[in-house]
Structure formats: structure tokens, C-alpha cells
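S.K.: missing the sequence, but the structure's below:
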């Protein structure tokens, strides 16, 4: 596994007391590019959150999405289990629906991060 010298996004944001709009945009764009790539490959993460977003050690850190323990290949079957961190979890995941759109749930969690 690649070493992420910058720690996780939660630590980064907490240490700075939040992010200004330019920095938030920088990280969010990277996150969405990574999530989009995963979705195009048929993989949904289902646990997108600050703590699962690592940073390299650069002056302008690059995002590394990690912890695919709850991930699912949507080409095999639709997600149906209630997984993820409650504060970041999309409403449809918590509902009594039999299945849900894992891509939409990842996008919801990304929006919570923003």
C-alpha cells in the first residue's frame, strides 16, 4: 500500500479549523474524479468520508481514496446492505428499500464531506 504522509482529510481539516473555498474546491474536485473513476469501473465505495480520504505529503496535497472494505461491484449485483458511517450515509441506504443506487450514495457522502 502506498504511504500517505499527509494523514487523512479529517486530521487536515481539523488542524486548520476548516478550509477556505479554494482549498475545499481543490480537494473536492480530486475526490469526485476518483469517485467517478471507481464508478466507471463498476465499483461503489459505500463508505466515503473524511477519514477514508488520505493525503500525500506534498505542499498542495493530492487525495487518495482508501478503505474499500464495504465496496461492491455494481456489475455483479445492486447494493442492498445498510453499511457506511451514519453521518455520511445517504437516506436511501438507511431506508427500507430492497436495493439502492450505490453511485448516488457515494455522491451523497461526497457532498456531506464538502
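M.R.: Received it, and whenever you're ready, just let me know what you need. The model shown is predicted, which means the values in this text are computed figures rather than measured ones. Numbers count the residues shown, from 1 in each chain.
S.K.: residue contacts, the residue nearest to the spatial centre of the chain?
M.R.: For the chain, the residue nearest the mean C-alpha position is residue 48 (2.6 Å; Cα atoms, centre = their mean). Residue 48 sits next to 31, 35, 65, 88, 106, 109, 110, 113 when contact means Cβ atoms under 8 Å, 6 or more residues apart in numbering. Where you see a C-beta, it was placed from the backbone N, CA and C, and this is true even at glycine.
S.K.: Which of these are buried, as a PyMOL select command?
M.R.: In PyMOL syntax, the buried subset of those is picked out as below (16 or more other Cβ atoms under 10 Å):
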select buried, resi 31+35+65+88+106+109+110+113
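S.K.: Now, the contacts of residue 48 that are in helices?
M.R.: Taking DSSP state H as the definition of helices, those contribute 31, 35, 106, 109, 110, 113.
S.K.: how far away is residue 47 from residue 105?
M.R.: Distance, residue 47 to residue 105, by Cβ to Cβ, to the nearest Å: 10 Å.
S.K.: Repeat that for residue 80.
M.R.: Residue 80 is 11 Å from residue 105, by Cβ to Cβ.
S.K.: Who has more neighbours out of the two?
M.R.: residue 105 (25 against 13; other Cβ atoms under 10 Å).
S.K.: ok, the residue lying closest to residue 78 once chain neighbours are set aside - contacts?
M.R.: Distance criterion Cβ to Cβ, 6 or more residues apart in numbering; nearest residue to residue 78, sequence neighbours excluded, is residue 99 at 4.0 Å. By Cβ under 8 Å, 6+ apart, residue 99 lies in contact with 78, 79, 80.
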